[in-house]
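*Asks:* Structure for this input, please:
(chains A and B)
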Amino acid sequence: MDDILWIGSALGALFGLLHGVWLFRLQAARPGSGQRAKGIYYGIWAFILWTLFGAYVLIFWLLGLIGSSIARLKPRRSSA
Amino acid sequence: MESAKRVGIIGAGVAGLATAKTLLAEGHDCTLFERGDRLGGVWADGYSNFGAQVPKELYQFPDWSLPESAADFTPGPILQTYLEDYADHFGIRPHIRLRTKVLSLTQRAEGWTVSTEGPEGPIEEDFDLVVAATGLYSETPNLPSLPGQEAFQGEVLHSAQVKTRAPLEKRRVVVVGYGKSATDIALEAAAVADEVHLVFREAHWPVPPLLAGILPFKWGMLSRMTGALFTPYLRPSPVARWMHGLGKPLVWIFWRLVELLLYFQCRLGTKIAQGRTLVPDTPVEIDCFGESTMLPRPALYRLIREGRIAAHRAEIAAFTPDGVTLSDGDHLAVDRVVFATGWTSDYGYLPQAVQKTLGEDDDGFYLYRHMLHPDLPNLVFIGRAATILSILTYCLQARWLAELLAGRHSLPGREAMQSEIAALKAWKRSWMPFSPARGARLLLHMLYYHDELLRDFGADPLRKRGWLAPFKELLAPYQPSDYRAIVAGDWEAEEGRARA
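*Replies:* Predicted coordinates for the structure are as follows:
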């Protein structure tokens, strides 16, 4: 369990960093005062949230992977 | 476009009023043509007990709130009064010509000539710009033609003809359809009729007002986080691309959990006619972009469970003198059949050549930003975008148009607009369920569409405020109040910029 928490948090931190940088760049490119500060603030939030919930995201991802693989073996519904 | 000053607006419903208010405030000379004898469009007249299908904070103008006393899921007559008040408050009423039908439009070198027939007889007027604000559908009911109908001894009605419960009282009623009007009329019938049948081809996933009985549905549907889990919008962000690539199992499990919640909350496993159930065939994340987005009144599923409304997952195969025969073989002895099957789409006032330019595809025509066609300058469609927050969408479209007319943003070239339309068409057709109005359908992708409009005229699409804004951007629902400054036209001060 500890391993999952560590791995999930580490992956979360990595994704959070990438997401944060993307958010900063997006916001900083906007005209007007204070956009860079806003970008940094949003970037930090993205980093923290991903790091905090990274383990949960990983667990859901694994459950989804198992569930969707099983569902693929037994197709039952149409898609558009 | 920048020189357009005389604006003819066809339709004085929500879209027409929002456009007039915005353009009048920018100094344009607007004339609204309304064929009905009062403003309000669909809210001026409706079936028995009709009303909004979302809570009131989601269905109101961002800069003109519904009265405190107005009920949630606001009834139609209250919305009508609200629109009348809006027209008076913003000085729109003197610009409206009631009982005036637009007969045709003729293209001029710089604008359009509008031919109308009203109380003062036929008139022709020139406008620099025409806004078609007549919505997605016409006033012609979409009524299927079925064998044996002439021999049927009961009465066949369209939902629009059920103005009160009287035609349903002490009758054996079949309601055809599974959208908002069908389920509303089935509930009306259940209150007074002897027998009620609801006949529908396909079941749809319902969206209850409170998810799990506690969480208002807007928190589950209208946030950026949920938005990222739907099929990615045209040109998705890197985050959405990741979610739907490497993160696909996350998206899968999220929607299966949503389906599980809806299954148990609405008890969709309830057995209906022929031993079938109310569980839809299409996954929820696709189904919610279909023709019927289900936000039923809570009593619907209870009455189906109790047998007060008999549900049939079939279609009418034929009429018989004493009722209808269904495609599953059942025969229903009834004396009222109500088709709640919507309306046809009709822009009959547009010349044939214009209609041809717009396109004659089965799924409706596609426009640049859901508003413009590159080969039809000075003709703008406002209100031809189906979203969950339609008033907000129309207000933002009107703001986008006002900014365009003021020269604060500009259109890309003809080729770029055409390529954008082609991309939109290919994207929708690649996954969105067919509907005659697919070209105009955005529904839960509206957040991305709103972002697109705002970015076009240079406003910040991130509208949440306060120190928790990033958290709210992720989880809190987007609603009209978030766009108050945009719609009022004073967002630049808020962003620390001077208005151009």
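*Asks:* From here on, just use CA atoms for contacts and neighbour counts.
*Replies:* OK.
*Asks:* what pLDDT does residue 68 get?
*Replies:* As the question left the chain open, I've gone with chain A. According to the predicted model, the pLDDT of residue A:68 comes to 94.
*Asks:* my bad, the chain I had in mind was chain B
*Replies:* If you check residue B:68, the pLDDT there is 91.
*Asks:* Please apply the same query to residue B:498.
*Replies:* Residue B:498 is given a pLDDT of 62.
*Asks:* hang on, residue A:45 in a strand?
*Replies:* No - assigned with DSSP: H, G, I helix; E, B strand; the rest coil, residue A:45 falls outside any strand and is helix.
*Asks:* Any stretches of the chain with poor pLDDT?
*Replies:* No chain in the question, so chain A it is. Residue ranges of chain A with pLDDT under 70: A:75-80.
*Asks:* um, chain B though
*Replies:* In the prediction, chain B carries residues with pLDDT under 70 at positions B:1-4, B:291-294, B:496-500.
*Asks:* which bits of it sit near chain A?
*Replies:* By the criterion of CA under 8 Å from any CA of the partner chain, the positions of chain B lying close to chain A are B:239, B:247, B:249-253, B:281-283, B:286, B:431-433, B:460, B:470-471, B:495-497.
*Asks:* if we go to 6 Å?
*Replies:* Residues of chain B lying close to chain A by CA under 6 Å from any CA of the partner chain are B:249, B:250, B:253, B:281, B:282, B:431, B:433, B:470, B:496, B:497.
*Asks:* Just the element for the residue in chain B positioned nearest to chain A, please.
*Replies:* Closest residue of chain B to chain A, CA to the nearest CA: residue B:249 (4.3 Å). Per DSSP states H and E: residue B:249 is located in helix B:248-265.
*Asks:* Could you do residue B:460 as well?
*Replies:* Short version: residue B:460 belongs to no helix or strand, going by DSSP H and E.
*Asks:* How many residues are close by it?
*Replies:* Residue B:460 is surrounded by 20 other residues when neighbours are defined as other CA atoms under 10 Å in any protein chain shown.
*Asks:* quick one: the nearest residue to it once chain neighbours are set aside from residue B:483, how far?
*Replies:* Counting by CA to CA, 6 or more residues apart in numbering or on different chains, residue B:454 is the residue found nearest to residue B:460 once chain neighbours are left out, at 6.5 Å. Taken as CA to CA, to the nearest Å, the spacing of residue B:454 relative to residue B:483 amounts to 10 Å.
*Asks:* who has more neighbours, the two?
*Replies:* For the pair residue B:454 and residue B:483, the greater number of neighbours falls to residue B:483 (24 against 20), based on other CA under 10 Å.
*Asks:* Count the neighbours of the closest residue to that one other than its chain neighbours for me.
*Replies:* If you skip the residues right next to it in sequence, residue B:483 has residue B:62 as its closest partner in space, 6.2 Å away by CA to CA, 6+ apart. For residue B:62, the tally of surrounding residues (other CA under 10 Å) stands at 23.
*Asks:* backbone phi and psi for the residue nearest to residue B:460, please?
*Replies:* As for residue B:454, its main-chain torsions (degrees, to the nearest 10) stand at phi -60, psi -40.
*Asks:* picking that back up, report how many residues lie close to the residue of chain B closest to chain A.
*Replies:* As a burial measure, residue B:249 scores 21 neighbours (other CA under 10 Å).
*Asks:* looking at it, residue B:111 is touching residue B:128, isn't it?
*Replies:* Yes - between residue B:111 and residue B:128 there is a contact at 4.3 Å, judged by CA atoms under 6 Å.
*Asks:* Any idea which residue of chain A lies closest to chain B?
*Replies:* Chain B sits closest to residue A:64 of chain A, with a gap of 4.3 Å, by CA to the nearest CA.
*Asks:* Any idea how far the host helix or strand of that residue is from the middle of the chain?
*Replies:* Element membership of residue A:64 [criterion: DSSP H and E] is helix A:35-73. Here helix A:35-73 shows a centroid-to-chain-centroid distance of 3 Å under the convention CA atoms, centre = their mean, to the nearest Å.
*Asks:* now for that helix, which elements pack on it?
*Replies:* Using 3 or more CA pairs under 6 Å, 6 or more residues apart in numbering or on different chains; DSSP states H and E as the contact criterion, the neighbours of helix A:35-73 among helices and strands are helix A:2-28, helix B:248-265.
*Asks:* CSV please, covering these and showing distance to residue B:163.
*Replies:* Output for the helices and strands packed on helix A:35-73, formatted as CSV (distance: least, CA to CA, whole Å):
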stretch, distance to residue B:163
helix A:2-28, 51
helix B:248-265, 32
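*Asks:* Go through the ones you listed and name the closest to residue B:10.
*Replies:* Nearest of the helices and strands packed on helix A:35-73 to residue B:10, taken as CA to CA: helix A:2-28 at 38.6 Å.
*Asks:* just checking, what packs against that closest one?
*Replies:* helix A:35-73.
*Asks:* Direction-wise, compare the helix it packs on with helix A:2-28 and give the angle.
*Replies:* Taking axes from the mean of the first three to the mean of the last three CA atoms, to 10 degrees, helix A:35-73 and helix A:2-28 form an angle of 130 degrees between their directions.
*Asks:* Now do the buried residues in helix A:35-73.
*Replies:* A:35-36, A:38-48, A:50-52, A:54-58, A:60-61, A:63-65, A:68 (16 or more other CA atoms under 10 Å in any protein chain shown).
*Asks:* try stretch B:305-314
*Replies:* Neighbour counts using 16+ other CA under 10 Å place B:305, B:308, B:309, B:310, B:311, B:312, B:313, B:314 of stretch B:305-314 among the buried residues.
*Asks:* how close does residue B:466 sit to residue A:19?
*Replies:* When distance is defined by CA to CA, residue B:466 is 21 Å away from residue A:19.
*Asks:* which one of the two has more residues nearby?
*Replies:* Neighbour comparison, residue B:466 and residue A:19: the larger count goes to residue A:19, with 21 against 8 (by other CA under 10 Å).
*Asks:* hang on, the earlier thing: so the residue of chain A closest to chain B sits against residue B:253, correct?
*Replies:* Yes - with contacts counted by CA under 6 Å, residue A:64 reaches residue B:253, the gap being 4.7 Å.
*Asks:* how much distance is there from stretch B:352-362 to the middle of the chain?
*Replies:* Between the mean C-alpha location of stretch B:352-362 and the chain-wide mean there is a distance of 22 Å, by CA atoms, centre = their mean.
*Asks:* Other residues contacting that stretch?
*Replies:* With contact meaning CA atoms under 6 Å, 6 or more residues apart in numbering or on different chains, stretch B:352-362 is reached by B:365, B:436.
*Asks:* now stretch B:161-170
*Replies:* Where contact means CA under 6 Å, 6+ apart, the residues beyond stretch B:161-170 that reach it are B:47, B:48, B:189, B:192, B:193, B:194.
*Asks:* PyMOL command for the buried members of these?
*Replies:* Here is the PyMOL command that picks out the buried ones among these, judged by 16+ other CA under 10 Å:
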select buried, chain B and resi 47+48+189+192+193
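*Asks:* Which residue lies nearest the spatial centre of chain B?
*Replies:* Nearest residue to the geometric centre of chain B (CA atoms, centre = their mean): residue B:386, 3.8 Å.
*Asks:* what's the closest non-adjacent residue to that one?
*Replies:* Sequence neighbours aside, residue B:441 is the residue nearest to residue B:386 in space, at 4.8 Å (criterion: CA to CA, 6+ apart).
*Asks:* That's all I had, so thanks and see you.
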